[in-house]
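In: the following comprises the amino acid sequence and a computationally predicted model.
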Amino acid sequence: MRWGEYGADADLLELPLDGSSGRPDPAATYLVCAHSRHDICCAVRGRPVAGALADVRPGQVWECSHIGGERFAASVLVLPSGMMYGRVRLWLVEQLVAAVDADEVVAPLLRGRIGFAPVAQAAMAFAYEQLGLRRRDAVRVVGASKLAESRAMVRLAGPDGELDVLVQVDRVSAEQLTCANPREGHFLAYRPLRIGPAQA
C-alpha cells in the first residue's frame with residue numbers, strides 16, 4: 001500500500017502506475033462496506049464495525065461503497081492481502097485485527113480472497129477451516145475447472161502439497177436476502193463438498 005495526495009482530479013492522469021509515487025505503508029487497511037443506498041444492512045451492520053475497527057486501528061479504517069455480498073454484512077476487505085471477511089460482529093473485531101497483525105486468517109469469517117472466481121474463493125475458505133490452517137499464505141489457488149453444470153473442481157496449493165476441492169454450485173431461493181429487498185429472491189451458493197490430495 002502506498003499513500004499520497006493530489007490537488008485536482010486531473011493530477012491523477014499523471015500518476016505513474018509503477019508503484020513509485022506516494023509513501024509506502026506496511027500497515028493493513030480495513031475497508032468496511034457501509035453503502036446504505038445499495039442495501040441498508042451494510043450501513044446498519046457495517047458502520048458500527050467500522051467504528052470499532054477505527055478504535056483499535058485509528059487511521060487504518062475506511063467506510064467504502066459496495067464490495068459484494070450484502071447478505072454477509074458486515075463485510076470487511078483487508079488490504080493489501082485482499083482477504084475478504086463476512087458477518088463480522090463487534091465482538092469479533094479485536095480477534096480479526098490480532099489475526100491480521102499476525103499474518104493469519106479467521107477461518108470462520110473468511111469469504112475468500114479478491115481476484116478469484118467465487119468458486120475458488122469458496123474452496124479457499126473451506127480449506128482454511130477444514131484443515132485448521134491459520135497462516136494467510138498457507139493456501140494458494142492454482143486453478144479451477146468446471147466438471148458439470150453445477151459442480152467445479154478447484155486445485156489449491158497447501159502446506160503439504162496440492163489439494164482438490166469439489167464445489168457444488170446451487171441456485172437457492174430465499175426470502176429477504178437483503179434488508180432492502182423483502183421479496184423472495186435467489187442467490188448462487190458455493191458449497192464445498194470434499195477436500196483431498198490432488199488427483200492426476
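Out: Thanks, I have it.
In: okay, Gly51 and Pro80: tell me how far apart.
Out: For Gly51, the distance to Pro80 equals 23 Å [C-beta to C-beta, to the nearest Å]. (Each C-beta comes from the backbone N, C-alpha and C, glycine too.)
In: neighbour count winner among those two?
Out: Per other C-beta atoms under 10 Å, whichever of Gly51 and Pro80 has more neighbours is Gly51, with 15 against 12.
In: check which helix or strand the more buried one maps to.
Out: Assigned by DSSP states H and E, Gly51 belongs to helix 40-56.
In: that helix: how far from the chain's middle?
Out: The chain centre lies 16 Å from the centre of helix 40-56; the measure is C-alpha atoms, centre = their mean, to the nearest Å.
In: same check, this time on stretch 19-28
Out: Distance of stretch 19-28 from its chain centroid, counting by C-alpha atoms, centre = their mean, is 21 Å.
In: quick one: end-to-end distance for that stretch.
Out: With C-alpha to C-alpha, to the nearest Å as the measure, the ends of stretch 19-28 fall 17 Å from one another.
In: now do stretch 27-47
Out: Criterion C-alpha to C-alpha; first-to-last residue distance in stretch 27-47 is 21 Å.
In: what comes up buried for it?
Out: 28-35, 38-39, 41-43, 45-47 (16 or more other C-beta atoms under 10 Å).
In: which stretches in the protein count as strands?
Out: 2-3, 23-24, 29-33, 61-64, 76-79, 83-85, 110-113, 140-148, 151-158, 161-175, 184-197 (DSSP state E).
In: of those, which is nearest Ala125?
Out: strand 110-113 (4.5 Å; C-beta to C-beta).
In: can you give the contact residues for that closest one?
Out: 69, 72, 75, 81-86, 118, 120-122, 124-125, 128-129, 141 (C-beta atoms under 8 Å, 6 or more residues apart in numbering).
In: can you turn the buried part of those residues into a ChimeraX selection?
Out: Entered in ChimeraX, the line below selects the buried ones among these, by 16+ other C-beta under 10 Å:
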select :69,72,75,81,83,84,85,86,118,120,121,122,124,125,128,129,141
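In: of the contacts of strand 110-113, which belong to helices?
Out: Mapping the contacts of strand 110-113 onto helices (DSSP state H) picks out 118, 120-122, 124-125, 128-129.
In: please name the bridge partners of the residue positioned nearest the centre of the chain.
Out: Here the mean C-alpha position of the chain is nearest to the C-alpha of Met84 (C-alpha atoms, centre = their mean), at a distance of 1.3 Å. Judged by DSSP bridges, the bridge partners of Met84 are Leu77, Gly112.
In: could you check the pLDDT of it?
Out: What the model reports as pLDDT for Met84 is 95.
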